[in-house]
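> Okay, here's the prediction I keep looking at, along with the sequence it came from:
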Amino acid sequence: SDGEQQRPVRGLSYPLEEEETWQAVNGDNGARYPAAQLFLERARRLLPEYLPKHDNDLLQLCRITDGLPLALELAAAWIDSMTLPDLVQELQNSLDLLTRRRRGSAGRHHSVRAVFDATWQFLSDAEQKAFVQLTVFSGGFTRQAAQVVAEAPLTVLSRLVGRYLVQFDRQSGRYSLHELLRQYGAEQLQADPSLEESVRRRHARFFGEYLTHQEADLKTKNQLRALANIQIERANIWAACIWAAHYGDEAVSLEAMSVLVTACRLKSWIEDGYNLFGDVTRSLAPHRNGTQVLPVLLYLRVWRSLFAFWLGKLDEAPLMDERMLLLELSSPSALRQVAASYHVVATELTLDAGERESARRHGEQAVGLYEALDDQWEQANALNQLGTVCWNVGAYTEARGYFEESLALHRQLGDMSGVATSLDRLGLLLMHQGELEMSNRYLGEAIEANRALGSRLGVADVMLNYGSNLLEMGRFARARERYLESAALYDGLG
C-alpha cells in the first residue's frame, strides 16, 4: 500500500551466469559468492558431508532467494529431509504463485515471501500453531513465556530454532523472531481471530502477573534486579497493558499498575509512562463500571497528572476533586491506595503552587494512608516528601525528623536508592542549618550509595551539593575538586 514502509533488503552475492562452474562456487574462489557459502555452511550443520550433485541447483537456489541470508538459512534447514532439486522446485512453485498474485511487488520481496510460503507448508500443525502464537511477543521471550502464552513445548520450540524460524541467544537465554518472520506469522494469526484473542489474553495476563511478582523485590535490596527484569520485558509489558485495557481485561490490575508506576518513577520513564497511562486510561474509560477497572482508571489518572507536571504539561496536571474519589470508590483498600497516591501528587503540585500549608496537609495524609496500607516503601517516600514541605515552611526540626524516619525505613528495607535520596536531603538540610560537619558525613554517604547503585547522575547531583558544603566550610581546594568531578560526570552523561 501507499503507506507501507519499505526497507531495503540486501542479499549476499552469488553467481549470475549459467556457465559459472561448481568449482567457482565451492572451490578456492568460493569466497567470491557468500550466498552459496552461507547455504552450504548451514546445510552442513545438518549433514556434515553435504555437497550438491549439480551446480545449477545451488545457483538456482541463490537466484530464487536473491541471496537473502534469512531465506538461505530457512532453505538450508530442510536439506536433511529433501533433496536440493526438490527444495528448489518447492520454492519455485511458491515464487511463481506469488508473482501472479502480487505483480506490483518488488522482486526481492517475492523471493523472501516465496521461501516463507514454502517453509510454512513444510511445518507440522503443532509447529505452525506454536509459531503464529509466538508472534504476539515484542522484544523477545523466555522459554517459560513461550510455553504459557504460545503453548509451545520445548520440543516444538527446539524444532523451530533448528529450522531458523526462531533465534535463541544462549547468553541471555531468550528467544526472538526475525521481524520479517514475525510479520509473516502475524498475518497467519490474524486469519484466526479466535486463536488471536486467546493468545493475546494469555500474553496480557502472563505479563500482568509478571509485574506483580516484581513488587517485593522492587521495594527492597533487590530493587536493581527487579528493575532489570522489568526493563528486559518492557516491550511485552507495554503491549500487554494496551491490549488488556482495550478489552477491560483483569490483567490491568491495580497491583500490576502500581508496580509499573513505581518502575517508571525509579527508571525516569516519565514521558513513556505519561503516554502509556494516557493510552490505557482512554481504553479503560468505557469499562469504568467494572469493580476492578475503576480503581485502576483513577489511580493511573492521578499519577499521570504528576508525570504531566514533571514534563511541563501544566494544563494536564490539575487533579480531580478528592471528594470524587470518595464517591466513586467502594473498596476500602483500593480507596486507600488511590487516595494515598492522590495525596502524594497533590503534595507536590500544591507545594509548587506556593500553597505550603495545603501541601503539608496532603503530605501528612499520604504518610498516614501508606502506614495504614503497611506499605513501608511508599511511606518512606512520603516522609521524605513531607520533610521537604516542612523545610519549605521553616519547620526545620520536623523536617529533619521526617528525613531521619524516611532514612531508617529505607535502610530497614535495604532500598539503596531511597537511602541515597534521604541522605542527600538530610545533608542539604543540615548545610542550610550550618551543621556542616554532619552535612559532610551524610553527603559523603549519599555519594557512596549512588556509586553502589551505579548511578552516575546520582553521584553528579550529590557531588555538586558536597562541593557547596565544602565551600561553606572554607575548604576551597577540595570544593573545586568536587565541582570539577561533578561537571565531568554531567559532561559524560551529555
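That came through fine.

> Please count neighbours and contacts with C-alpha atoms only from this point.
Will do.

> for the chain, where's the lowest mean pLDDT among helices and strands?
helix 22-26 (a mean of 48; mean pLDDT, DSSP states H and E).

> after that one, next one along is what?
Elements were assigned by DSSP states H and E; along the chain past helix 22-26, the next helix or strand is helix 34-46.

> On the C-terminal side of that following helix, identify the next helix or strand.
Sequence-wise, the next helix or strand downstream of helix 34-46 (DSSP H and E) is helix 55-65.

> Which pLDDT value belongs to Asp321?
With respect to pLDDT, Asp321 has a value of 66.

> Just confirm Leu218 contacts Leu227, I think it does.
Yes: the pair Leu218 / Leu227 is scored as a contact, 6.8 Å apart, by C-alpha atoms under 8 Å.

> any shared contact partners between those two?
Common contacts of Leu218 and Leu227 (C-alpha atoms under 8 Å, 6 or more residues apart in numbering): Ala263.

> Centre of the chain to stretch 195-212, how far?
The chain centroid and the centroid of stretch 195-212 are separated by 15 Å under C-alpha atoms, centre = their mean, to the nearest Å.

> next one: stretch 349-360
Per C-alpha atoms, centre = their mean, the centroid offset for stretch 349-360 relative to its chain is 34 Å.

> again with stretch 220-235
For stretch 220-235, the distance to the chain centre is 10 Å (C-alpha atoms, centre = their mean).

> again with stretch 430-440
Relative to the mean C-alpha coordinate of its chain, stretch 430-440 is positioned 41 Å out (C-alpha atoms, centre = their mean).

> pLDDT weak spots in this protein?
Residue ranges of the chain with pLDDT under 70: 1-11, 14-32, 94-112, 320-330.

> and Glu233, how far is that from Thr212?
13 Å (C-alpha to C-alpha, to the nearest Å).

> Could you do Asp192 as well?
Taken as C-alpha to C-alpha, the span from Asp192 to Thr212 is 31 Å.

> can you give me the helices for the stretch 301-450 of the chain?
322-328, 332-352, 356-372, 376-392, 396-413, 416-432, 436-453 (DSSP state H, counting those that start in this stretch).

> Do a quick rundown of the strands in the stretch 151-300 of the chain.
For the stretch 151-300 of the chain, the strands defined by DSSP state E, counting those that start in this stretch cover 167-169, 174-176.

> buried set for the first one?
Spelled out, it's strand 167-169. 167-168 (16 or more other C-alpha atoms under 10 Å).

> what's the answer for stretch 41-53, then?
For stretch 41-53, by 16+ other C-alpha under 10 Å, it's 42-44.

> Format those residues as a markdown table; extra columns: distance to Glu90.
Putting the buried residues of stretch 41-53 into a markdown table (distance: C-alpha to C-alpha, whole Å) gives the following:
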| residue | distance to Glu90 |
| --- | --- |
| Arg42 | 19 |
| Ala43 | 17 |
| Arg44 | 21 |
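
> out of these, which one sits closest to Glu355?
Arg42 (69.7 Å; C-alpha to C-alpha).

> Run through the residues that contact the residue lying closest to the closest one once chain neighbours are set aside.
Ranked by C-alpha to C-alpha, 6 or more residues apart in numbering and with sequence neighbours excluded, the top spatial neighbour of Arg42 is Ala76, at 5.8 Å. Ala76 makes contact with 39-40, 42-43, according to C-alpha under 8 Å, 6+ apart.

> returning to what we had before: could the helices of the stretch 301-450 of the chain be laid out in CSV, adding distance to Gly139 and mean neighbour count?
Putting the helices of the stretch 301-450 of the chain into CSV (distance: least, C-alpha to C-alpha, whole Å; neighbours: other C-alpha atoms under 10 Å) gives the following:
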stretch, distance to Gly139, mean neighbour count
helix 322-328, 37, 12
helix 332-352, 31, 21
helix 356-372, 35, 21
helix 376-392, 31, 24
helix 396-413, 32, 20
helix 416-432, 28, 24
helix 436-453, 26, 20
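
> Out of these, flag the one nearest Val280.
That would be helix 332-352 among these, by C-alpha to C-alpha, at 16.5 Å.

> how far is the closest one from where the chain is centred?
Computed by C-alpha atoms, centre = their mean, the chain-centroid distance of helix 332-352 equals 27 Å.

> Let me know the angle separating that helix from helix 356-372.
Angle, helix 332-352 to helix 356-372, by axes from the mean of the first three to the mean of the last three C-alpha atoms, to 10 degrees: 150 degrees.

> and Gly434, how far is that from Tyr396?
Distance from Gly434 to Tyr396, by C-alpha to C-alpha: 12 Å.

> no, scratch that, I was asking about Leu294
40 Å.

> likewise His410?
His410 is 21 Å from Tyr396, by C-alpha to C-alpha.

> Leu430 now?
9 Å.

> what does Trp377 give?
Trp377 is 23 Å from Tyr396, by C-alpha to C-alpha.

> before we move on, what about Arg63?
78 Å.

> ditto for Asn222
Distance from Asn222 to Tyr396, by C-alpha to C-alpha: 33 Å.

> With Ser341 instead?
25 Å.

> show me the residues around the nearest residue in space to Gly418 that is not next to it in sequence that make contact.
Once flanking residues are discounted, Gly418 sits nearest to His410: 5.6 Å by C-alpha to C-alpha, 6+ apart. Each residue near His410 by C-alpha under 8 Å, 6+ apart is listed here: 377, 380, 416, 418-419.

> Likewise for Trp78?
Contacts of Trp78 by C-alpha under 8 Å, 6+ apart are 87, 163.

> Checking it next. Helix, strand or coil?
Assigned with DSSP: H, G, I helix; E, B strand; the rest coil, Trp78 falls in the coil class.

> now the one 3 residues further on
Per three-state DSSP, the local secondary structure of Ser81 is coil.
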